[in-house]
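Student: pasting the sequence and the predicted model now:
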Amino acid sequence: EGQRVSPGDELAVLEGNARALLAGERTALNLMQNLSGVATLTRAFVDAAAGKARICDTRKTTPGLRRLQRYAVRCGGGHNHRNDLSAGVLIKENHIRCAGGVEAAVRMARKRAPHPLRIECEVTDFAELDAALGSIGDGRAVLVLADGTYNVTMQIGGTAEIAILGSGGSGAPILAGAGIRVVDSFGDSILYFDGVQIVNASGLGVACGGTSVWLDDSAVRNNIQLGMDISGACNAHLRRSLVLANNSGGVDMAGGSLTLRNSVVGLNGNQFTSLLGGIGLNGATVDITYTTIVANQAANAARGSVFCAGGESGEIRNSIIAGTGNSVDGCAGLTFRGNAVDDPDAAAAGAEVGPAMATWFVDLGMNDFHLSSTGADVLLGIALWQKGDPTLDIDGEAIPTDMPSFPGYDQP
């Protein structure tokens, strides 16, 4: 049942007729060895990917053992993807060619599939992505992107639920947009991104007035305007993601909510024209923990890290919040705990550390916000984990749960 055992541990005691025991013990032993091997190997993958990905199985199992082997995957901490071909529609290159294009393939699948059935489509260039998006309508779909640049503006509304999956890392697919924004979510739509980069040389990155937008292991970076413009009832969730070097500021909230876990909001804004640097809040709610908010700039230096225009609520904990000094402005509605912060008004139940120093980090010039040995000496013991917080940092390393730890997205 998923319990670890060591060599020599007794797993079972069999009693009964010797002939019956001998007839069945070898088959039973072979099955136990096979399933234990599946569970053990799954656990190794789960541990290696901890905090960064879910390990899922395929439907390609040993004949006759599908239910047992998929159960063993769950015992090892993995997840079952789909049991058979009827559990979802996967559109691949050969299907696209036979149908005459991505749009035709997706429309055919939607026409024949029950409404709740998930449709997954592999796309290789921006034309295919554009066609796939145009064929989804109010449906649900998973789009798997090959590495490359996609000059497509994603306008998603109605009740559409769409997941965009990339490879992650520095070579991840780039969603570059084809206008003033890369992503425009409205209505009751739900968007999920994993392992992609959102970069717009002519506008902003993500605009959300819909139900929610999720970003895991992704980057919203180098947008000529805002990184993220969140409004209305949109709930934005970022896990292990970067909002980085966006010229007009990082995240601007006019209503809605923002959740940040193991993420970075850094190097956003500029000291000449930006109304906000890292995060701007107007009637918005935040839940931010183990996040690094540093080296952001605004025309008004006091608004560099977090600027509140009124009606804000929520909490920022166990994070690094530092700019040029006193960079938290007007945020009386927020609770600050366990942070390393450059503003004495926000340093209660935390530590005032003064302006952000480049020497605290491995290499800000290369967008590396991991703590250096100098930063570790300054920031040790400020954060305090509580139930519900992430248990792993950005690199999958354990966050201490029974003693003070480091604030920010990295435990050195």
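Tutor: Perfect, I can see it now.
Student: is it true that Thr42 touches Tyr71?
Tutor: No - Thr42 is beyond contact range of Tyr71, at 11.0 Å (criterion: CB atoms under 8 Å). From N, CA and C alone the C-beta is placed, and that goes for glycine too.
Student: more neighbours, those two?
Tutor: Thr42 (22 against 17; other CB atoms under 10 Å).
Student: quick one: the more buried one is in a helix?
Tutor: Yes - Thr42 forms part of a helix when assessed by DSSP: H, G, I helix; E, B strand; the rest coil.
Student: give me the phi and psi for the residue nearest to it when sequence neighbours are not counted.
Tutor: Using CB to CB, 6 or more residues apart in numbering and skipping the chain neighbours, the partner closest in space to Thr42 is Gly76 (3.0 Å). Main-chain torsions, Gly76, degrees, to the nearest 10: phi -80, psi 0.
Student: tell me where the stretch 251-400 of the chain has helices.
Tutor: Along the stretch 251-400 of the chain, counting by DSSP state H, counting those that start in this stretch, helices occupy 373-379.
Student: could I get the full set of strands for it?
Tutor: Using DSSP state E, counting those that start in this stretch, the strands of the stretch 251-400 of the chain run over 251-261, 264-266, 279-282, 285-289, 292-294, 306-308, 313-317, 320-322, 328-329, 334-337, 340-341, 351-352, 361-363, 368-371.
Student: buried residues, the fourth one. List them.
Tutor: Which is strand 285-289. Of the residues in strand 285-289, 285-289 count as buried by neighbour count, 16 or more other CB atoms under 10 Å.
Student: can you give the strand pairings for that strand, parallel or anti for each?
Tutor: According to DSSP bridges, strand 285-289 forms sheet pairs with strand 251-261 (parallel), strand 313-317 (parallel).
Student: so what's the gap between that strand and the chain middle?
Tutor: Mean-position distance between strand 285-289 and its chain equals 15 Å (CA atoms, centre = their mean, to the nearest Å).
Student: so who does Leu143 touch?
Tutor: Leu143 sits next to 120-123, 129, 132-133, 162-165 when contact means CB atoms under 8 Å, 6 or more residues apart in numbering.
Student: and if we set it to 6 Å?
Tutor: Counting by CB atoms under 6 Å, 6 or more residues apart in numbering, Leu143 touches 121, 123, 132, 164.
Student: pretty sure Ala295 sits against Asn268.
Tutor: No - look at Ala295 against Asn268 with CB atoms under 6 Å: they stay out of range, at 8.5 Å.
Student: what about the two, which has more around it?
Tutor: Asn268 (31 against 27).
Student: same list (the strands of the stretch 251-400 of the chain) but as a markdown table, adding mean pLDDT.
Tutor: Shown next, in a markdown table, are the strands of the stretch 251-400 of the chain (pLDDT from 0 to 100):
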| stretch | mean pLDDT |
| --- | --- |
| strand 251-261 | 97 |
| strand 264-266 | 98 |
| strand 279-282 | 98 |
| strand 285-289 | 98 |
| strand 292-294 | 98 |
| strand 306-308 | 97 |
| strand 313-317 | 98 |
| strand 320-322 | 97 |
| strand 328-329 | 96 |
| strand 334-337 | 96 |
| strand 340-341 | 96 |
| strand 351-352 | 92 |
| strand 361-363 | 97 |
| strand 368-371 | 97 |
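Student: so can I have a markdown table of the ones you listed showing distance to Val378?
Tutor: Putting these into a markdown table (distance: least, CB to CB, whole Å) gives the following:
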| stretch | distance to Val378 |
| --- | --- |
| strand 251-261 | 22 |
| strand 264-266 | 17 |
| strand 279-282 | 23 |
| strand 285-289 | 20 |
| strand 292-294 | 13 |
| strand 306-308 | 20 |
| strand 313-317 | 18 |
| strand 320-322 | 10 |
| strand 328-329 | 19 |
| strand 334-337 | 18 |
| strand 340-341 | 8 |
| strand 351-352 | 9 |
| strand 361-363 | 11 |
| strand 368-371 | 9 |
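Student: what is the burial count for the residue nearest to Thr42?
Tutor: Counted by other CB under 10 Å, the residues lying close to Gly76 total 23.
Student: got a list of what it touches?
Tutor: 39, 42-43.
Student: and Phe186, what is it in contact with?
Tutor: Counted by CB under 6 Å, 6+ apart, Phe186 has contacts 157, 209-210.
Student: those residues, buried ones only, as a ChimeraX selection?
Tutor: Those of the contacts of Phe186 that count as buried under 16+ other CB under 10 Å are selected in ChimeraX with:
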select :209,210
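Student: which ones among the contacts of Phe186 lie within strands?
Tutor: Using DSSP state E, no member of the contacts of Phe186 falls in strands.
Student: so which of the contacts of Phe186 is the closest to Asp188?
Tutor: Distance to Asp188, by CB to CB, is smallest for Gly210 among the contacts of Phe186, at 6.4 Å.
Student: ok so, going back, Gly205 is nearest to which of the strands of the stretch 251-400 of the chain?
Tutor: With CB to CB as the measure, strand 251-261 is the member of the strands of the stretch 251-400 of the chain nearest Gly205 (9.8 Å).
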